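Kindly generate the corresponding structure for this input.
(2 chains)
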There are 2 protein chains.
Amino acid sequence: MIEDPLFGYRGIARAFLERNGVKIGDRIRVRKSKEKFAVEGIVMPRSLLAEDGFIEIKLDNGYNIGIRITEDTIIEKVREEKKEFKGGLIVPEIPKPKPGLPYVSIISTGGTIASKVDYRTGAVYPALTSEDLYRAVPEIADIANIKAEILFSIFSENMTPKHWETIAQLVAERIKEGFDGIVITHGTDTMGYTAAALSFALQNLPVPVVLVGAQRSSDRPSSDAAMNLYSAVKVAAEAPFAEVVVVMHGSISDDYCLAHRGTKVRKMHTSRRDAFRSVNDIPLAKVYKDRIELLSKNYRPRDKNRELELKNKFDNKVVLLKIYPGMKGDIIEYLVDAGYHGIVLEGTGLGHTPEALFSAIKRAIREGVPVVMTSQCIWGRINMNVYSTGRELLSFGVIPGEDMLPETAYVKLSWVLAQTRDLDEVRELMLTNIAGEINRRSLVSLYPPVI
Amino acid sequence: MIEDPLFGYRGIARAFLERNGVKIGDRIRVRKSKEKFAVEGIVMPRSLLAEDGFIEIKLDNGYNIGIRITEDTIIEKVREEKKEFKGGLIVPEIPKPKPGLPYVSIISTGGTIASKVDYRTGAVYPALTSEDLYRAVPEIADIANIKAEILFSIFSENMTPKHWETIAQLVAERIKEGFDGIVITHGTDTMGYTAAALSFALQNLPVPVVLVGAQRSSDRPSSDAAMNLYSAVKVAAEAPFAEVVVVMHGSISDDYCLAHRGTKVRKMHTSRRDAFRSVNDIPLAKVYKDRIELLSKNYRPRDKNRELELKNKFDNKVVLLKIYPGMKGDIIEYLVDAGYHGIVLEGTGLGHTPEALFSAIKRAIREGVPVVMTSQCIWGRINMNVYSTGRELLSFGVIPGEDMLPETAYVKLSWVLAQTRDLDEVRELMLTNIAGEINRRSLVSLYPPVI
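As a prediction, this is how the structure comes out:
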């Protein structure tokens, strides 16, 4: 594992320590140029939620103090970091369970929120343990008793339906053990897909299941890791809803996070911290440091007596296929030949494909491969009754995906096909709202305004 | 062709005429219940830009008047529509060229803006001629001298690279004939793709080329066809920029249209009238009825002396392939086996794929099939240097698509491969900004706010 020698420090404080060649564990003496009085102690890691501009040191009496860096601050290294200060020793003690606080299970699967920069190459690796996360944001100990564990340490682009099954299995175990909420740290690239998968796999949820990630790793100045993790734990511990949600920054500043329903959320920006957006739905809540503000009344309430039903099988022979002008039918013919079990099309507009695909689509359905239609517009609803193209596709047996996200429809078809391959049953399940993935009414206002 | 017997009437007026069994061409007598005085004349088609709530009749003296429908309006049919009032006869005369007004060529390719509802089945067909459009919005005669013609009458989902070539060819001819601007009516489903195609095909443009469509057909009450067409003609006739743009509603009300750069525009909603959005760029202009408000200074100015360069060849063996968790390499292997010439990936996040695809991607590039990376996030920029997945993909020779839309990258690769199959040349062209498709600087503000 690559350790960040200045874990938790960013901005002014990081630059100052780097300039002075000081790292965590070093014994230093600090004073102002005009003063004789100096403070001596060991440089400690800093909470990522704490303000920039301070050095945190442990005094010999055992107390930690934060020293503000000003123009006249002078730092002097007394002794290099001792071997024994590496790793575990400087981790603050995991606090004993506090009676009265809810219990939250943190399951780490990898991604930027659990990653570190390799300072030799500048590349980012999934590395941090859940304990590191805990060390980074000790404030979470004030809102919940935490049990952290590592399930995977992978980039989310390498998640597969098999991984969804394993995550759902572990979440179900932790819920049965009595935890009041679950947090899953996850890479952001495919977090929306996994959120949808857990929404289908974890039926009749008694407590919240929260996916959280970060767009910038926790040792970068503008990292969103700490606030996202804190907000996720807050939702898991305190939110009134028992839903699978994604909790991420709600704006470009650090003012609040949003809790998005797992079947209605999508990563809409490659790099912004507020990349995740609810599509065709409003977020469930805004999450501030000190409170959760509900935005929707439409949720399943938290109820620890409700019995979770685990349905965590996914078919891994499903394809999500985007439509484009000039596309030919051969790709669909190949998918049928190769024995794929289901196809979700990301069609154009209200749910269309070129006529050139008609015969391949007919063949797929004839040979028992369900074809589901969604739209590459992303916002809005499939309506295949408006134009003759849509009506023809319906007549072949294409299943209209309503207002489902293409990604959610892909996950759902994979979940449905693990239960049945009967085309009529597949159709019925795909058209049934199971986990908030289909809203019967479209609210025209649920479309982001032009900037 | 299916004729609408109440062409141009919507809302109150349409309901009133239907209730009274009156259609265009009928001779009617209209009076208020309390008055003896009645007006008699022939029911005329109504401009789609005109206010609802009026019946337009031609008096025997040759003048047209609009009569407001009130609660006490009584209508009486004097004579059924005469045979000779069908079709052409009720079309207002095409006005003679007005000296001083710019000349605009309108090329119709189909789509909802040029479509009609079949009242027997409720389905929408591409049917209207450009003359019908002209009849629908006679106001365009006040801003330009129009020459309208039909090139295709197809749904835009059936557009192919071949069609792009033909459209570009005709546009080039019209520009060489001296038109001051070109309007192309087009289905909205793939209008973004065609706009990108024309942006690459029509190099060194001297005048604006405007694509326009409608989300609701022109005989529906809430149609956007008339305002969009009017605004498109205004841009073609008057805009200071010589660019390929899409002109569509800018908001849900009828207050303005937006002119979006052809390589940066995407249909983002299945049904809303303001479905088209600029992505990673600001629109070029707001188009009001009486003025064009520029939003960007970054454009090629109109200059009729500039010589158009037509580069309208497109390779039709290019694939746009969306990445999803659990995806396997076999689809890419198939594409290479099947002799496809290029692949644009719609990767996750900053430009990633599952590791499971690595060997197939390597093979594609080794066998001379360029692979271009874009992001399914839609907003933001590819950056494959941040994570090891991206760095590995770069090392195989994957071409990062910068901040290009996946759809634009697909069109561009098709255009590039029609010029060269040499991988180095393909890379260089893909990384060169040719028609505004790549912005070197990302403006973080170019992301729609949360509602």
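
use CA for all of it now, contacts and neighbours both
Noted.

Can you pull out the low-pLDDT segments for the stretch 151-300 of chain A?
Counting by pLDDT under 70, the stretch 151-300 of chain A contains low-confidence ranges at A:218-219.

Near chain B, which residues of it? Just list them.
Within the stretch 151-300 of chain A, the positions near chain B by CA under 8 Å from any CA of the partner chain are A:157-161, A:188-190, A:193, A:266-272, A:277.

Just these: which are in helices?
Among those, DSSP state H puts A:161, A:193 in helices.

Give me the buried subset of the residues of the stretch 151-300 of chain A next to chain B.
Taking 16 or more other CA atoms under 10 Å in any protein chain shown as the criterion, what is buried in those is A:157-161, A:188-190, A:193, A:266-272, A:277.

For the stretch 351-451 of chain A, which segments count as helices?
A:358-366, A:388-396, A:406-417, A:423-431 (DSSP state H, counting those that start in this stretch).

Would you mind finding the most buried of these?
helix A:406-417 (a mean of 26; mean count of other CA atoms under 10 Å in any protein chain shown).

now that helix, how far from the chain's geometric center?
19 Å (CA atoms, centre = their mean, to the nearest Å).

Other residues contacting it?
A:192-193, A:196-197, A:200-201, A:263-264, A:312-320, A:341-346, A:372, A:374-376, A:378, A:401, A:426, A:429-430, A:437, B:324 (CA atoms under 8 Å, 6 or more residues apart in numbering or on different chains).

what's the answer for stretch A:286-300, then?
With CA under 8 Å, 6+ apart as the criterion, stretch A:286-300 contacts A:231, A:235, A:239, A:241-243, A:250, A:255-259, A:282-285.

ok, the residues you listed vs A:Leu405, which is closest?
A:Ile282 (14.1 Å; CA to CA).

Any figure for the gap between A:Asp254 and B:Asp60?
71 Å (CA to CA, to the nearest Å).

what does A:Met227 give?
For A:Met227, the distance to B:Asp60 - CA to CA - is 76 Å.

So those two - more neighbours on which side?
Taking neighbours as other CA atoms under 10 Å in any protein chain shown, A:Met227 and B:Asp60 compare with A:Met227 leading, 22 against 10.

Provide the secondary structure category for the more buried one.
With DSSP: H, G, I helix; E, B strand; the rest coil as the basis, A:Met227 sits in helix.

give the contact list for A:His260.
Per CA under 8 Å, 6+ apart, neighbours of A:His260: A:245-247, A:277-278, A:282-285.

Make sure it is indeed in a helix.
No. Counting by three-state DSSP, A:His260 falls outside a helix, being strand.

SS state for the spatially closest residue to it that is not a sequence neighbour?
Leaving aside its chain neighbours, A:His260 sits nearest to A:Pro283 (4.6 Å; criterion: CA to CA, 6 or more residues apart in numbering or on different chains). Secondary structure assignment for A:Pro283 (three-state DSSP): coil.

So A:Pro283 sits against A:Ala259, correct?
Yes. Assessed by CA atoms under 8 Å, A:Pro283 is found in contact with A:Ala259 at 5.8 Å.

The two: who's more crowded?
A:Ala259 (34 against 24).

does the more buried one have beta-bridge partners, and which?
Note on A:Ala259: beta-bridge partners by DSSP bridges are A:Val247, A:Ala285.

Looks like A:Thr279 contacts A:Pro448 (just checking).
Actually, residue A:279 is Val. It isn't Thr. No. Assessed by CA under 8 Å, A:Val279 is found out of contact with A:Pro448, at 9.1 Å.

Those two: who's more crowded?
For the pair A:Val279 and A:Pro448, the greater number of neighbours falls to A:Val279 (23 against 16), based on other CA under 10 Å.

contacting residues for that one?
A:264-266, A:378-379, A:405, A:446-447.

A:Val137 versus A:Val212, what's the distance?
From A:Val212 to A:Val137 the distance is 14 Å (CA to CA).

The two: which is more packed in?
Taking neighbours as other CA under 10 Å, A:Val212 and A:Val137 compare with A:Val212 leading, 29 against 21.

hang on, the earlier thing: tell me which entries of the contacts of helix A:406-417 lie within strands.
Those of those mapping onto strands are A:318-320, A:342-346, A:372, A:374-375, per DSSP state E.

near chain B, which of those show up?
Counting by CA under 8 Å from any CA, the members of the ones in strands among the contacts of helix A:406-417 near chain B are A:319-320, A:375.

between these, which has the most around it?
A:Ser375 (30 neighbours).

That residue pairs with what?
Beta-bridge partners of A:Ser375, as defined by DSSP bridges: A:Gly347.

so it sits right up against A:Tyr324, yeah?
No. The pair A:Ser375 and A:Tyr324 does not pass the contact test of CA under 8 Å, sitting 11.4 Å apart.

List the backbone torsions phi and psi for A:Ile184.
Main-chain torsions, A:Ile184, degrees, to the nearest 10: phi -120, psi 120.

that older thread, common neighbours of A:Ser375 and A:Tyr324, please.
The contact lists of A:Ser375 and A:Tyr324 share A:347-348, where a contact means CA under 8 Å, 6+ apart.

correct me, but A:Ile55 touches A:Ile12?
No. Between A:Ile55 and A:Ile12 there is no contact under CA under 8 Å: 10.0 Å.

Report the distance from the helix or strand hosting A:Ile182 to the chain centre.
Here A:Ile182 sits within strand A:181-185, counting by DSSP states H and E. Here strand A:181-185 is found 9 Å from its chain centre; the criterion is CA atoms, centre = their mean.

Show me what that strand packs onto, helices and strands only.
strand A:103-108, helix A:161-176, strand A:209-212, helix A:225-238 (3 or more CA pairs under 8 Å, 6 or more residues apart in numbering or on different chains; DSSP states H and E).

residues making contact with the shortest one?
Outside strand A:209-212, the residues that touch it by CA under 8 Å, 6+ apart are A:113, A:181-186, A:188, A:191, A:195, A:228-229, A:232-233, A:235-236, A:242-248.

The second one too?
Under the criterion CA under 8 Å, 6+ apart, residues A:105, A:151, A:181-182, A:194, A:197-198, A:201-202, A:207, A:308, A:310, A:312-316, B:325-326 lie in contact with helix A:161-176.

quick one: pLDDT of A:Lys23?
Looking at A:Lys23, its pLDDT reads 89.

Tell me the spacing between it and A:Ala13.
11 Å.

just A:Ser105 next, same as before
32 Å.

Once you drop chain neighbours, what's closest to A:Phe241?
Closest to A:Phe241 by CA to CA, 6+ apart is A:Pro301, at 4.4 Å.

what's the burial count for that neighbour?
A:Pro301: 16 surrounding residues under other CA under 10 Å.

Likewise for A:Asn439?
15.

from what I can see A:Ile182 touches A:Pro206, true?
No. Using CA under 8 Å, A:Ile182 is not in contact with A:Pro206, being 10.9 Å away.

out of A:Ser105 and A:Ala13, which sits in the more crowded spot?
Taking other CA under 10 Å, A:Ser105 and A:Ala13 do not tie; A:Ser105 has more neighbours (25 against 20).

picking up where we left off before, looking at A:Ile182 and A:Pro206, which is more packed in?
The residue with more neighbours, out of A:Ile182 and A:Pro206, is A:Ile182; 28 against 24, by other CA under 10 Å.

OK, contacts around the more buried one?
The neighbourhood of A:Ile182, defined by CA under 8 Å, 6+ apart, consists of A:104-107, A:171, A:174-175, A:207-210, A:233, A:236.

which SS state does A:Lys289 fall under?
coil.

Identify the residue spatially nearest to the closest residue to chain B within the stretch 101-250 of chain A, adjacent ones excluded.
Residue nearest to chain B within the stretch 101-250 of chain A (CA to the nearest CA): A:Thr160, separated by 4.2 Å. Of all residues not flanking A:Thr160 in the chain, B:Gly326 sits nearest, at 4.2 Å (CA to CA, 6+ apart).

what's the burial count for the one you found?
21.

again with A:Glu71
7.

which residue is nearest the centroid of chain A?
A:Val212 (3.3 Å; CA atoms, centre = their mean).

who does the nearest residue to A:Arg427 once chain neighbours are set aside bridge with?
Spatial nearest neighbour of A:Arg427, chain neighbours left out: A:Ile399 (6.3 Å); criterion: CA to CA, 6+ apart. Under DSSP bridges, the beta-bridge partners of A:Ile399 are A:Val372.
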